[in-house]
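> Got a predicted structure plus its sequence, pasted below:
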Amino acid sequence: MTDIFTETKKSIIAISKKFKLDQDEVKEFLEPNRVVEVKIPVDFKNGQTEVFRGFRSQHNNKLGPYKGGNRVHKNVSREEVMTLSLWMTLKCAVADLPYGGGKGGIIVDPKTLTEEQLETLSRKYVRAVYDVIGSDRDVPAPDVNTNPKIMDWMSNEYLKISRERKINLPENLLYATFTGKSDKDHGLAGRTEATGFGGVVILKELVQRLGLKPENQTIAIQGFGNVGNYFAQFASNAGFKVVAVSDSKGAITERNHQFKALDIPLVIKCKEEKGIVAGCYCVGGVCDLTKGRPISNEELLELPVDVLVPAALENVINKKNMEKIKAKIIIEMANGPVSYEAYEYLTKKGVVIVPDILANAGGVTGSYIEWKQNIENKKYKKEETLKMIEGIMEMAFDNIWNEAANLKTHLKEASTVHALKKLLE
Ligand code: NAD
């Protein structure tokens, strides 16, 4: 079986061949500059030492320090972090950020650890990779199963080690080594909103180019976590009609497809109370399940809406369901939610799909602003952050839209070629 890194390289090589990029240069670019693999022995104070493995893949730093998340998951592997670091290199180039691409991880199911054990492991990981990270070298961020609390432990440990080693750098530069920290501990106001907000900036740009009006566009969103939730809020505020949302337990929409815009703040409140969105049909200030219809996540993807926003998992639109997709626009907010085959099929049918490396780049753009804020020893307000993200995302969209027109191709190929041209220059 071919691994995920080999598959990813193949797909990028195919695109680069089609657009006649130098194949030797592309092949050399695809390999990461360095993959650090570390052993992390942890004494959990129960008399036993457990040994974990961790990684940090530093793919490319031509445009700036390596940048990318650190995940904590039982399926983390060398190939996975290599692949994700390659995507980060392309994503940062698409968003025109002064960053390269990196990704790291620890192999463990965090649910098997107590909070104290997770803290110990996170701190030990930082000790193990200390020499290869830094605000001008490699800047880790949160990813699957890592949150502001973990990033705070990590940055705190980084400061501790720096002091032990008598590193003579101002504290703010040491904090700039990690992003995704909590707002109260040198993090960024607006970082949690950044990805969903950035996705809506892209959607607004797209509908404008297509000559459509937000108020005429119905939207279904799969995933109501950090990304989907804020996407729903900002899209609704911008006048779009969010008519269906889902979480892992199912989805909610109107009973007879006479779509009415959901009252998103009320859906959020209802989900907080009930624990699921499937019981929350909230429109015009009231939640009334008799008018709503709980549906499955599969049905949500096949609704006759204008815009589909997969914001949960990878590969949810694939060979099996691609013929049933009715939306005319898809915004890839999750990483890799539309398979290659489905992307080609739907594009040929006239569906406009904004690829993940453009659509969800608001997240890394937020990280960039946090890093900049720490380096400049400032504290930005949430409105300032969102304004900066808006400017960067609009510019990125414009670049990729024009590239697609020049190359006469779709936005995924245009993004990849645009990034490669910059990185191979
Ligand atoms: P999250 O954990 O906050 O939320 C995930 C949501 O998906 C939850 O609502 C969960 O219930 C739902 N979900 C899980 N399994 C599902 C299923 N089988 N069907 C439908 N829904 C399901 O995660 P997030 O931070 O919102 O990230 C979502 C996606 O966006 C991921 O692919 C992530 O890699 C990507 N992404 C996130 C960021 C970020 O800044 N958070 C940045 C870029 C990309």
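That came in fine, so what should we check first? Numbering: from 1, shown residues only.

> Residues of the stretch 251-400 of the chain that sit close to the ligand?
Proximity of the stretch 251-400 of the chain to the ligand, by C-beta under 6 Å from any ligand atom, involves residues 297, 311, 312, 313, 333, 334, 335, 360, 363. Heads up, the C-betas are built off the backbone N, CA and C, glycines and all.

> need the contact list for the closest residue to the third one other than its chain neighbours.
In this structure, residue 312 finds its nearest non-sequential neighbour in residue 223, 3.0 Å apart by C-beta to C-beta, 6 or more residues apart in numbering. By C-beta atoms under 8 Å, 6 or more residues apart in numbering, the residues touching residue 223 are 246, 247, 310, 311, 312, 313, 333, 334.

> want to try a markdown table for these, with pLDDT and distance to residue 71 as columns?
As requested, those are exported to a markdown table (pLDDT from 0 to 100; distance: C-beta to C-beta, whole Å):
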| residue | pLDDT | distance to residue 71 |
| --- | --- | --- |
| 246 | 97 | 23 |
| 247 | 96 | 20 |
| 310 | 98 | 19 |
| 311 | 97 | 18 |
| 312 | 94 | 16 |
| 313 | 90 | 14 |
| 333 | 98 | 18 |
| 334 | 96 | 14 |
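
> Quick check: the two most widely separated of the residues you listed?
247 and 333 (14.2 Å; C-beta to C-beta).

> out of those two, which sits in the more crowded spot?
Using other C-beta atoms under 10 Å as the criterion, residue 247 and residue 333 rank with residue 333 on top: 30 against 21.

> got the phi/psi numbers for the more buried one?
phi -80, psi -30 (degrees, to the nearest 10).

> related to what we said a few turns ago, could you dump the residues of the stretch 251-400 of the chain next to the ligand to JSON lines with secondary structure and distance to residue 89?
Formatted as JSON lines, these follow (DSSP: H, G, I helix; E, B strand; the rest coil; distance: C-beta to C-beta, whole Å):
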{"residue": "297", "secondary structure": "helix", "distance to residue 89": "31"}
{"residue": "311", "secondary structure": "coil", "distance to residue 89": "23"}
{"residue": "312", "secondary structure": "coil", "distance to residue 89": "24"}
{"residue": "313", "secondary structure": "coil", "distance to residue 89": "23"}
{"residue": "333", "secondary structure": "coil", "distance to residue 89": "20"}
{"residue": "334", "secondary structure": "coil", "distance to residue 89": "19"}
{"residue": "335", "secondary structure": "coil", "distance to residue 89": "14"}
{"residue": "360", "secondary structure": "coil", "distance to residue 89": "15"}
{"residue": "363", "secondary structure": "helix", "distance to residue 89": "15"}
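
> who wins for neighbours among those residues?
Counting neighbours by other C-beta under 10 Å, residue 333 leads those with 30 neighbours.

> Just list the residues touching the closest residue to that residue other than its chain neighbours, thanks.
Once flanking residues are discounted, residue 333 sits nearest to residue 311: 3.8 Å by C-beta to C-beta, 6+ apart. By C-beta under 8 Å, 6+ apart, residue 311 lies in contact with 196, 199, 221, 222, 223, 225, 227, 228, 231, 333, 334, 337.

> Show me where the stretch 251-400 of the chain has its strands.
Using DSSP state E, counting those that start in this stretch, the strands assigned to the stretch 251-400 of the chain run over residues 282-283, 286-287, 292-295, 307-310, 329-331, 352-354.

> deepest of those strands, which one?
strand 307-310 (a mean of 29; mean count of other C-beta atoms under 10 Å).

> ok, back up a step: so which of the contacts of residue 311 sit within strands?
221, 222 (DSSP state E).

> which one of the contacts of residue 311 sits closest to the ligand?
For these, the minimum distance to the ligand (C-beta to the nearest ligand atom) is 1.7 Å, reached by residue 225.

> Thought residue 33 was touching residue 85, still the case?
No - at 9.4 Å, residue 85 and residue 33 do not qualify as touching, with contact defined as C-beta atoms under 8 Å.

> Neighbour count for these two, which is higher?
Each of residue 85 and residue 33 has its neighbours counted (other C-beta under 10 Å); residue 85 has more, 29 against 16.

> Okay, that one and residue 208: tell me how far apart.
Distance, residue 85 to residue 208, by C-beta to C-beta, to the nearest Å: 33 Å.

> where in this structure is pLDDT low?
For the chain, applying pLDDT under 70 flags the ranges 1.

> State which helix of it is the longest.
Using DSSP state H to define each element, the chain has its longest helix at helix 382-407.

> Name the residues of it that are buried.
384-386, 388-390, 392-393, 396-397, 399-401, 403-404 (16 or more other C-beta atoms under 10 Å).

> The ligand: which of those is nearest?
Checking these against the ligand by C-beta to the nearest ligand atom gives residue 389 as the nearest, at 11.6 Å.
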